[in-house]
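[1] Below are the sequence and a predicted model for it; my questions follow.
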Amino acid sequence: MQFSGVLNLNASAVWSQSQTRRVQLDCETGTATCTINLPPLVDVFNLKAQEVELVINDVDDNALTNNITIVPNAAAGDNVLGATTYVINVNSASIILTIGTDENWIVATS
């Protein structure tokens with residue numbers, strides 16, 4: 001899925017129709033920042049348990065200037081590596097988010 005601006009992920013729309021546990025998001029950072037608002041982890045658990053991967057790519061090689069910000073669902077108490085946001089600010093970066101043993105988002109690859 002390629003996007004720019006703000007993307008509000010809905011777990012049932014993303015993972016229930018996908019035959020794979022891996023979903024790829026290609027962020028277009030050429031002219032603007034990208035923000036990914038993650039769904040509550042409880043919604044993800046209900047669909048795919050802990051086997052999901054969210055691949056996030058800087059396809060325009062411009063994340064240093066136009067950051068990619070990942071926002072876990074704070075209302076559900078979710079976090080990424082213990083933080084309320086995770087910022088990608090390296091050109092051409094690619095990461096994989098997965099669910100850790102503490103049932104929060106972790107960066108598996110960067």
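    Received, thanks. Quantities reported herein were computed from a predicted structural model and do not represent experimental measurements.

[2] Helices along the protein, start to end?
    11-15, 41-48 (DSSP state H).

[3] how near is the residue lying farthest from the centre of the chain to residue 65?
    Going by C-alpha atoms, centre = their mean, the residue of the chain most distant from its centre is residue 31, 19.8 Å out. Counting by C-beta to C-beta, to the nearest Å, the gap from residue 31 to residue 65 is 10 Å. The way it works is simple: take the backbone N, C-alpha and C, and place the C-beta from them, glycine included.

[4] Mean pLDDT per helix and strand in this structure: which one sits at the bottom?
    The helix or strand of the chain with the lowest confidence, counting by mean pLDDT, DSSP states H and E, is helix 11-15 at a mean of 73.

[5] Can you list the helices and strands that that helix packs against?
    helix 41-48 (3 or more C-beta pairs under 8 Å, 6 or more residues apart in numbering; DSSP states H and E).

[6] what does the helix it packs on contact?
    10-12, 15-16, 21, 52, 72-73, 76, 78, 99, 103-105 (C-beta atoms under 8 Å, 6 or more residues apart in numbering).

[7] Just to check, residue 39 is in contact with residue 7?
    No - with contacts counted by C-beta atoms under 8 Å, residue 39 stays clear of residue 7, the gap being 11.0 Å.

[8] between the two, who's got more neighbours?
    Ranked by neighbour count (other C-beta atoms under 10 Å), residue 39 and residue 7 place residue 39 first, with 20 against 14.

[9] Give the full set of residues in contact with that one.
    Neighbour list for residue 39: 9-11, 14, 73 [criterion: C-beta under 8 Å, 6+ apart].

[10] For ChimeraX, what selects the buried ones among the residues you listed?
    Remark: buried members of the contacts of residue 39, expressed as a ChimeraX selection using 16 or more other C-beta atoms under 10 Å:
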select :9,11,14,73
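
[11] For the contacts of residue 39, work out which two are farthest apart.
    14 and 73 (13.7 Å; C-beta to C-beta).
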